[in-house]
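Q: okay, predicted coordinates and the sequence, questions at the end:
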Amino acid sequence: MSPTATHKPAAGHVTFLGAGPGDPGLLTLRAVEALSEADVLVADPRVLDVVRQHARAATEAPEITAIDGALGAASHASKLVMASASNGKRVVRAVAGDPGLDGGAAEEMLACAQAGIPFEVVPGVAAAVGVPAYAGVPIGSDVRFIDAASADTRSWSEAGSSDSTLVVSTTLEGVAGNAAELIAAGRKPDTTLSVTVAGTTTRQRTWTATLGTIAAELKATKALPSAEPGQSAIAVVGERTAAERGQLSWFETKPLFGWRVLVPRTKEQAASLSEQLRSYGAVPHEVPTIAVEPPRTPQQMERAVKGLVTGRYEWIAFTSVNAVKAVREKFEEYGLDARAFAGIKVAAVGEQTAKALVEFGVKPDLVPSGEQSAAGLLEDWPPYDPVFDPIDRVFLPRADIATETLVAGLIELGWEVDDVTAYRTVRASPPPAETREAIKGGGFDAVLFTSSSTVRNLVGIAGKPHNVTVIACIGPATAKTAEEHGLRVDVMAPEPSVHALAEALADFGRARRAVAVEAGDPVTRPSERRPGSRRRARG
């Protein structure tokens with residue numbers, strides 16, 4: 001039998017993969033490909049969340065093991081990698097940073113070579129390079145790298161007598177001692193340095209001082225002793241650090257950097273919104289407030305879908321992503337695909353619904369040019385013309401919530417409407433206790449309300465957001481509902497779309513940051529404000 005593309009070699013294979021310093025976006029294309037092919041994933045805990053999501057894309061879920069830093073962990077990792085590969089499995093061994101700079105990974109590579117097990121190395125972004133780039137600290141070409149954990153007296157002496165930029169991999173509590181070593185070796189106490197922890201993640205924080213003042217700076221800003229014991233840090237020592245960081249700090253100056261933003265929507269609907277929030281530096285936290293269930297009596301929906309195939313309709317109008325999903329699922333149940341829409345005009349209420357249709361293989365004929373709502377759809381909907389429209393009927397798959405505005409408007413334009421319940425919306429289950437406490441206790445910096453129902457349902461299942469939380473609403477009706485629940489609306493989208501809402505929140509964060517910088521105050525997140533009296537809705 002000739003081998004196929006899915007045939008696995010008897011000896012297995014090992015990929016030593018660098019997962020970078022923390023930002024999932026720094027994984028290489030080859031790394032993502034290797035993870036999707038893995039039978040076994042052995043990962044350092046620091047990068048497990050970064051790589052696990054791509055490993056789950058495999059045809060069959062891989063065996064996943066996290067190797068912590070406990071005594072004997074390296075030996076256990078090596079044995080696990082070797083045993084799995086010897087059994088014909090494709091193993092991915094994921095480490096933080098770059099595998100070429102990881103001593104344990106080097107030992108495992110050697111073991112594979114000696115055992116005749118084929119392996120490859122997928123380089124990753126080393127923390128010593130990636131973290132300064134995210135901190136806005138250029139290191140240039142004349143640079144010396146030092147690992148403080150293994151550096152000896154000679155290493156510090158050579159670094160102290162050099163004029164090169166130094167990049168020191170260390171711990172936050174070890175920085176002051178490292179600075180003292182460099183001063184003792186000849187570096188001037190007024191030499192600038194920057195120290196960054198949690199680099200390339202939204203928890204990143206950077207301090208700028210001098211070799212002589214860094215200990216006092218970390219104490220004054222309460223970085224110590226509040227830091228986690230052994231918290232990794234990257235220190236950059238060089239004359240250009242302070243001046244250029246002020247202009248090149250692109251990551252920590254994002255408008256919503258580090259903000260925890262609550263997104264109370266269904267998970268499918270929240271995906272694109274969360275992606276946009278991440279681009280602004282935020283940490284989105286998705287809490288479903290609405291669950292979608294099939295209609296109690298499916299017969300009406302079944303008749304309507306059959307009517308699509310038999311030519312009963314001239315138009316089909318989708319008013320939500322969930323309506324697209326409901327019709328698509330019914331199509332799949334009957335063995336149909338997007339070709340069944342041939343000859344039927346398709347309308348979508350807005351850009352997200354249109355995107356869901358395109359993913360289904362259907363390009364909508366009508367999307368509102370103005371407001372993305374039922375009213376906006378009616379503005380652009382053509383009146384029924386018996387000369388050009390052979391059929392006068394519209395299929396409107398919707399939620400169990402009434403759509404009188406759209407139905408009445410279509411009838412006024414001369415159309416007959418089959419108003420069909422395609423799915424039901426019910427209040428979701430309450431989120432975990434930790435999330436509920438964060439909502440009521442001010443643990444979130446902002447919450448985005450995309451409809452009146454998200455306001456009512458979130459308050460119903462989780463409680464009222466704390467007074468320090470920034471409230472952002474998609475439009476006047478949603479804002480009115482928020483105020484009726486005792487919330488003050490801080491941000492309102494200029495137009496009723498989720499992308500405009502996220503952009504409006506980013507503008508709010510940008511303006512808030514500018515005020516702090518101009519006043520010479522530290523830039524803080526809303527949740528870091530001291531709690532005051534509970535704010536009231538505007539009268």
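A: Nice, thanks for sending it over.
Q: okay, now the unreliable bits of the chain?
A: Applying pLDDT under 70 to the chain flags residues 1-11, 56-61, 68-74, 226-227, 242-243, 266-270, 401-403, 529-539.
Q: quick check: next helix or strand after the longest strand along it?
A: Ranked by residue count under DSSP state E, the longest strand found in the chain is strand 416-427. Using DSSP states H and E, the next helix or strand after strand 416-427 towards the C-terminus is helix 433-441.
Q: who does that following helix touch, helix- and strand-wise?
A: Other helices and strands packing on helix 433-441, by 3 or more C-beta pairs under 8 Å, 6 or more residues apart in numbering; DSSP states H and E, are helix 452-462. The C-beta positions use only the backbone N, C-alpha and C, and glycine is treated the same way.
Q: in the helix it packs on, which residues are buried?
A: Neighbour counts over helix 452-462 (16 or more other C-beta atoms under 10 Å) mark 452-459, 461-462 as buried.
Q: now stretch 126-145
A: Here stretch 126-145 shows 126-139, 143-145 as buried, counting by 16+ other C-beta under 10 Å.
Q: mind checking the end-to-end distance for that stretch?
A: Length of stretch 126-145, first residue to last, C-alpha to C-alpha, to the nearest Å: 11 Å.
Q: off-centre distance for stretch 281-292?
A: How far stretch 281-292 lies from its chain's middle: 11 Å, per C-alpha atoms, centre = their mean, to the nearest Å.
Q: and stretch 522-530, by the same measure?
A: In terms of C-alpha atoms, centre = their mean, the centre of stretch 522-530 is set 22 Å apart from its chain centre.
Q: quick one, helices of the stretch 351-500 of the chain?
A: 351-360, 374-380, 404-412, 433-441, 452-462, 476-484, 498-519 (DSSP state H, counting those that start in this stretch).
Q: that older thread, which of the buried residues of stretch 126-145 fall in helices?
A: 127-135 (DSSP state H).
Q: dump the residues you listed into CSV; add distance to Gly174 as well.
A: Formatted as CSV, those follow (distance: C-beta to C-beta, whole Å):
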residue, distance to Gly174
Ala127, 15
Ala128, 15
Val129, 20
Gly130, 20
Val131, 16
Pro132, 18
Ala133, 22
Tyr134, 21
Ala135, 18
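Q: can you tell me which of those lies closest to Ile234?
A: Val131 (4.2 Å; C-beta to C-beta).
Q: and the closest one, what does it touch?
A: Applying C-beta atoms under 8 Å, 6 or more residues apart in numbering, we find Val131 in contact with 21, 196, 199-200, 234.
Q: repeat for Ala106
A: 99-100.
Q: so what does Trp156 look like in phi/psi?
A: phi -70, psi -40 (degrees, to the nearest 10).
Q: oh, I was asking about Val237
A: Backbone torsions of Val237, given as degrees, to the nearest 10, read phi -110, psi 120.
Q: distance of it from Leu41?
A: Taking C-beta to C-beta, to the nearest Å as the measure, Val237 and Leu41 are separated by 37 Å.
Q: then Pro189?
A: 47 Å.
Q: who's more crowded, the two?
A: More crowded of Pro189 and Leu41, by other C-beta atoms under 10 Å: Leu41, with 28 against 12.
Q: so that one: helix, strand or coil?
A: Secondary structure, DSSP: H, G, I helix; E, B strand; the rest coil: Leu41 is strand.
Q: residues contacting it?
A: Leu41 touches 35, 51-52, 55, 62-65, 91-92, 94, counting by C-beta under 8 Å, 6+ apart.
Q: beta-bridge partners for it, please?
A: Leu41 has these beta-bridge partners by DSSP bridges: Ile64, Val92.
Q: what's the separation between it and Arg90?
A: Computed as C-beta to C-beta, the Leu41 to Arg90 distance reads 10 Å.
Q: kindly report the same for Glu351.
A: Relative to Arg90, and taking C-beta to C-beta, Glu351 is found at 40 Å.
Q: of those two, who's got more company?
A: Between Glu351 and Arg90, Arg90 has the larger neighbour count (other C-beta under 10 Å), namely 20 against 15.
Q: would you check that that one makes contact with Glu33?
A: No - applying C-beta atoms under 8 Å as the test, Arg90 and Glu33 come out as separate, 11.6 Å apart.
Q: check contacts around the closest residue to Leu193 other than its chain neighbours.
A: Nearest non-adjacent residue to Leu193, counting by C-beta to C-beta, 6 or more residues apart in numbering: Val237, 4.4 Å away. Counting by C-beta under 8 Å, 6+ apart, Val237 touches 165-168, 182, 187, 191-193, 211.
Q: please name the bridge partners of Val237.
A: Applying DSSP bridges, one finds that Val237 bridges with Leu166, Leu193.
Q: how many neighbours does Gln231 have?
A: Using other C-beta under 10 Å, Gln231 has 15 neighbouring residues.
Q: what's the local residue count around the closest residue to it other than its chain neighbours?
A: Counting by C-beta to C-beta, 6+ apart, Leu172 is the residue found nearest to Gln231 once chain neighbours are left out, at 4.8 Å. Neighbour count of Leu172, defined by other C-beta under 10 Å: 24.
Q: mind listing what Leu172 touches?
A: Residues in contact with Leu172, defined by C-beta under 8 Å, 6+ apart, are 195, 197, 218, 223-224, 227, 231-233.
Q: could you rerun that using 7 Å?
A: Shown in contact with Leu172 (C-beta atoms under 7 Å, 6 or more residues apart in numbering): 197, 223-224, 227, 231, 233.
Q: contacting residues for the residue of the chain most remote from its centre?
A: In the chain, the residue that sits farthest from the middle, by C-alpha atoms, centre = their mean, is Val387; the gap is 50.7 Å. Contacts for Val387 (C-beta under 7 Å, 6+ apart) come out as none.
Q: how far does stretch 125-145 stretch from start to finish?
A: Start to finish, the residues bounding stretch 125-145 are 15 Å apart (C-alpha to C-alpha).
Q: report the distance from it to the chain centre.
A: 24 Å.
Q: tell me which stretches of the stretch 1-150 of the chain form strands.
A: Taking DSSP state E, counting those that start in this stretch as the criterion, the stretch 1-150 of the chain contains strands spanning 13-18, 40-43, 63-66, 90-95, 119-122, 143-147.
Q: quick revisit: check the gap between the residue nearest to Leu193 and Ala354 for me.
A: 53 Å.
Q: got it, and Val263?
A: In terms of C-beta to C-beta, Val263 sits 21 Å off from Ala354.
Q: Val143 too?
A: From Val143 to Ala354 the distance is 49 Å (C-beta to C-beta).
Q: enumerate the positions of stretch 77-88 that are buried.
A: 77-78, 80-82, 84-85.
Q: got the CA coordinates for it in PDB?
A: C-alpha atoms of stretch 77-88 as PDB (Å, rounded to 0.1, in the frame of the first residue of the first chain):
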ATOM      1  CA  ALA A  77       9.300  16.100  29.900                       C
ATOM      2  CA  SER A  78      12.200  14.300  28.100                       C
ATOM      3  CA  LYS A  79      10.800  10.900  28.900                       C
ATOM      4  CA  LEU A  80       7.300  11.900  27.800                       C
ATOM      5  CA  VAL A  81       8.500  13.300  24.500                       C
ATOM      6  CA  MET A  82      10.700  10.300  23.800                       C
ATOM      7  CA  ALA A  83       8.000   7.700  24.700                       C
ATOM      8  CA  SER A  84       5.300   9.400  22.600                       C
ATOM      9  CA  ALA A  85       7.600   9.800  19.600                       C
ATOM     10  CA  SER A  86       8.800   6.200  19.900                       C
ATOM     11  CA  ASN A  87       5.100   5.100  19.700                       C
ATOM     12  CA  GLY A  88       4.700   6.800  16.300                       C
END
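Q: please state the offset of that stretch from the chain centre?
A: Here stretch 77-88 is found 33 Å from its chain centre; the criterion is C-alpha atoms, centre = their mean.
Q: all helices for the stretch 51-200 of the chain, in order.
A: 73-86, 103-115, 127-135, 153-160, 175-184.
Q: ok so, going back, of the buried residues of stretch 77-88, which is the nearest to Val420?
A: Among the buried residues of stretch 77-88, and counting by C-beta to C-beta, the member closest to Val420 is Ser84, at 52.0 Å.
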